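1. Build me a model from this:
(2 chains)
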Amino acid sequence: MSKEFDVSETVDVAWCTGCGNFSIIRILKNTLSDLSIDPKEVVMVSGIGQAAKIPQYINSHYFNGLHGRALPPATAIKAMNPRLTVIAESGDGDMYGEGGNHFIHTIRRNPDITQIVHNNMVYGLTKGQASPTSQQGFSTPVQVDGVILEPFNPIAVALSLDASFIARAYAGDQKQTQEIISQAIQHKGYALVDILQPCVSFNKLNTYEWYKKHTATITDHDVNDKGAAFHLALQTDPLLLGVFYQHKKKSFEEMHPIYKKDSTPLRERSFNPDIIQEIMKSFY
Amino acid sequence: MKNNKYDISIVIAGGAGQGIQSVERMFVELLHHSQYYVFSTKEYMSRVRGGSNSTEIRFSLLPVSCFVDRIDLLVLLDDKAFDHVSSRVTNDTIIIGDKKQVSSISHPHVFSFDFLNTAQEIGNIIYANTIAIGLLASLFHIPLERIKNHVSSFFQDKSKKVITDNLTAVEKGSAFARSISESIRIPQKLNSSSDTRKKDSDSLLLLNGTQAIGLGALSGGCNFISSYPMSPSTGVLTFLAAHGWKANVFVEQAEDEIAAINMALGAWYAGGRALVTTSGGGFALMGEGLSLAAMTETPVVIHLAQRPGPATGLPTRTEQADLQLALYSGHGEFPRVIYAPGSLNQGYHLTKKAFDVADKFQIPVIILTDQYFVDSKYQTEMFETMPKEPTQYIVKTDETYERYAGESSGISPRGIPGYGSGYVHVDSDEHDTQGRITERADVRKKMMEKRLGKIRQLQKESIEPKLQGSKDYSILLVGWGSTLSAIEEARKQIDDDRISFLHFSQVYPLHPKTTQLLKKAKYIITIENNATAQFAALIEKETEAHVHAYILQYTGHPFSVENLTDRIPKTVNALEEYS
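-> The predicted structure is shown next:
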């Protein structure tokens, strides 16, 4: 296996032993390697949380920003330089809770970025409170009588916004997860990969055993069929794995007036004083 | 009409959607091209239609750039308008309105004209506005041909019929002006044969604060703006949207202000020069992003156009009450720069400089304006003949590149992804020179000192406050931002050689000479468009000076010259009596 995405120096990894993050990072590095992407053209953008530390452990550029705010800088980085491969990666609390508004509007915008969400249905770094995807009845130090809120369904929400690529994977299935991430990165436009994973420290409900019993792979489904995709997305037991939906459409950057006539990355374009002068003169 | 200096103040009042703005634009441009100096400012309610709004158009043979209470000529476009501005009407004011609107006004100089019916006869009630142009321009002796040419070119994209109808409207207005000009007796200062006409106003730009900020951003190399619409800051977003496609500016309306600033940071990280424009409430939401800019040492430029708070406050009005918000927003301790332009020229040059300073020092720079500043329009010299290409601070990385390399200046060379062979790691957690998370106390201390150490260098780059009046003063008026012209005009009128005026166009960090300039005065009086004298508190904290009195206003309206010529001498007298 190629090692170009491994960090050369010794890094003290902040994840718990047995955490699904180890499997996800290995899959992501392998995927990028297999796609022959140059690490120097990859920007990992993340928010805050245990999953959001992933850029620290991958040999690439990174922008590790604020809690819930990975998508806006990721969108802008891609807009400024569409040649870069931009991956926004964080946990369920970060992406669906704190950053919920950006999740909605980034899908509407359709930038050519990949959003990977480590979905373990619990808050890890803050020690075990409910996340937006926690199941009803799940008890925590805050939700002492169990969660009463309806779990957030990222797949159905993304579908309702016509996200151009929507998939769910399970960190325990390396082969399928790699196949999905690979498709997501290659997809031109916004791609959501929701990755189910256990939290060995704080989620005693959704364990490796539980996922084995309560997940199943999508079979015999036309990914262009939005209605059918909705039907699958609403299914909660078992939770379905695989690509739900793909709609090939023009990306945000392709549609934006700045790139309509000229594909030169904005940051490489030269300063044009004549145009500014001309605009100033229009005020005579 | 009493007027010795030929400085005329016209107020047009009416509801939103009645065309005040198009009258303002057409008439102000006409005056501009008729070699007058002209100033206009609007005040309006937070609604789309109706309400009571007004625009002041002031013109003169000498440069004018601020608001006066005095109304020489009042044009009423609806029946609620008179009550809205009546406190500013004196017996010398001339009032013109539609028959129905002025019938109930008891005043010695009321003139009525059948605007609405005449407009209807021409074909549309909207022509009432062009009738008003014909009337106003003719009253002030602008030749009919010039008015007609101006109106034709204003409507050049419209159909022939629209142009012909507008010209008819001009003639109707002009005829009415002739019929009343004997009774009004407007001084014949500038007629076509007059040689007193200002010759050089053709070389002047006519624009408002929003446009000055927008042009400064373009010259500063701005190529990205992400913002959420909020009065009174939105104009900068629409200005860049209107010109962005040719000037290479990526314009995006963000879903909220949090997204706006985080996008701007992403754009700078990837090599762009991004701007966000917002007002107090939106800026409050950006606080965490400001802190992220500081921690990641990512430059960012923020235009903060103030309006009165707290909360939604008075959305379309003016105040200077967000100085402390700008100074202290964002958790943690970090350097920042805050400019407060007081003129169009400063608005342009400081915005341009904001991009340079943000980039050079890798810090957030805030341009603090307000509704009065952004909406006031007047003339100014061409800002510069040809903007120079902005200084390039981005470095090409090599394999040994570390984003936070420990330079003695505290300013590490800034690389961007995809340019060079190094990696660019930025992190909102405390980090080491490579940008990797660390909790080591020694690294934390060093990084804090690296970031905060920029303040000393920023002080050296600060803009010196500008002294107006004698260098030998015992009383010093202190102002900042948009109050520049009003205070200066009041100071000149008061004409007391003990009184000088010190204007700050950079409010943080203060220029090192500030203490010296302040301490020369026996009495310091700050003049601020807020309720708690925020700038007085800042200068007392940052300098050794003591502020003796404040002149404050927090009605949502700007200071008028009259307000200041009344209050400044009273304050001076009170200080002298007290001592």
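
2. only C-alpha atoms for contact and neighbour calcs from this point on.
-> OK.

3. Identify all contacting residues around stretch A:108-116.
-> Contacting residues not belonging to stretch A:108-116 are listed as A:71, A:74-75, A:78-79, A:85-90, A:161-164, A:184-185, A:187-195, A:251-253 [CA atoms under 8 Å, 6 or more residues apart in numbering or on different chains].

4. Can you pick out the ones from these that are in helices?
-> Applying DSSP state H to the contacts of stretch A:108-116, the entries found in helices are A:71, A:74-75, A:78-79, A:184-185, A:252-253.

5. And these, which two are furthest apart?
-> A:79 and A:184 (18.5 Å; CA to CA).

6. Give me the pLDDT value at residue 276.
-> Using chain A. Residue A:276 is assigned 96 on the pLDDT scale.

7. Correction: the question concerned chain B.
-> pLDDT at residue B:276 comes out at 98.

8. Which residues are in contact with it?
-> Residues near residue B:276 by CA under 8 Å, 6+ apart: B:225-227, B:260-261, B:264, B:301-303.

9. what about residue 47, neighbour count?
-> Because you didn't say which chain, this covers chain A. When neighbours are counted by other CA atoms under 10 Å in any protein chain shown, residue A:47 registers 28.

10. not quite, I wanted chain B
-> Per other CA under 10 Å, the neighbour tally for residue B:47 reads 13.

11. Quick check: it touching residue B:15?
-> No - here residue B:47 does not reach residue B:15: they are 9.7 Å apart, not a contact under CA atoms under 8 Å.

12. quick one: the strands in the stretch 1-150 of chain A?
-> In the stretch 1-150 of chain A, the strands defined using DSSP state E, counting those that start in this stretch lie at A:42-46, A:61-64, A:85-91, A:114-119.

13. a markdown table for the ones you listed, including mean pLDDT and mean neighbour count?
-> What follows is these, written out as a markdown table (pLDDT from 0 to 100; neighbours: other CA atoms under 10 Å in any protein chain shown):
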| stretch | mean pLDDT | mean neighbour count |
| --- | --- | --- |
| strand A:42-46 | 98 | 28 |
| strand A:61-64 | 98 | 28 |
| strand A:85-91 | 98 | 27 |
| strand A:114-119 | 98 | 28 |
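
14. Distance of residue B:543 relative to residue B:512?
-> Separation of residue B:543 from residue B:512 (CA to CA, to the nearest Å): 9 Å.

15. hang on, the earlier thing: and chain B, which of the ones in helices among the contacts of stretch A:108-116 contact it?
-> Among the ones in helices among the contacts of stretch A:108-116, proximity to chain B is found for A:74-75, A:79 (CA under 8 Å from any CA of the partner chain).

16. neighbour-wise, which of residue A:79 and residue A:184 wins?
-> residue A:79 (29 against 26).

17. What's the local residue count around the nearest residue to the more buried one once chain neighbours are set aside?
-> Closest residue to residue A:79 apart from its sequence neighbours, by CA to CA, 6 or more residues apart in numbering or on different chains: residue A:253 at 6.0 Å. By other CA under 10 Å, 24 other residues sit near residue A:253.

18. Looking at chain A, what residue ends up closest to chain B?
-> Per CA to the nearest CA, residue A:73 is where chain A lies closest to chain B, at 3.9 Å.

19. How many residues are close by that residue?
-> Residues lying near residue A:73 (other CA under 10 Å) number 30.

20. Can you list the residue ranges for strands in the stretch 401-550 of chain B?
-> Counting by DSSP E, counting those that start in this stretch, the strands of the stretch 401-550 of chain B are B:425-427, B:466-468, B:475-480, B:499-504, B:506-508, B:523-528, B:549-552.

21. Repeat that for the stretch 151-284 of chain A.
-> With DSSP E, counting those that start in this stretch as the criterion, the stretch 151-284 of chain A has strands spanning A:165-170, A:191-196, A:215-217, A:239-246.

22. Can you lay out these as a markdown table showing distance to chain B, mean neighbour count and mean pLDDT?
-> As requested, these are arranged in a markdown table below (distance: least, CA to the nearest CA, whole Å; neighbours: other CA atoms under 10 Å in any protein chain shown; pLDDT from 0 to 100):
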| stretch | distance to chain B | mean neighbour count | mean pLDDT |
| --- | --- | --- | --- |
| strand A:165-170 | 21 | 28 | 98 |
| strand A:191-196 | 19 | 26 | 98 |
| strand A:215-217 | 34 | 16 | 98 |
| strand A:239-246 | 24 | 23 | 98 |
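
23. Which of the ones you listed sits closest to residue A:134?
-> strand A:191-196 (11.6 Å).
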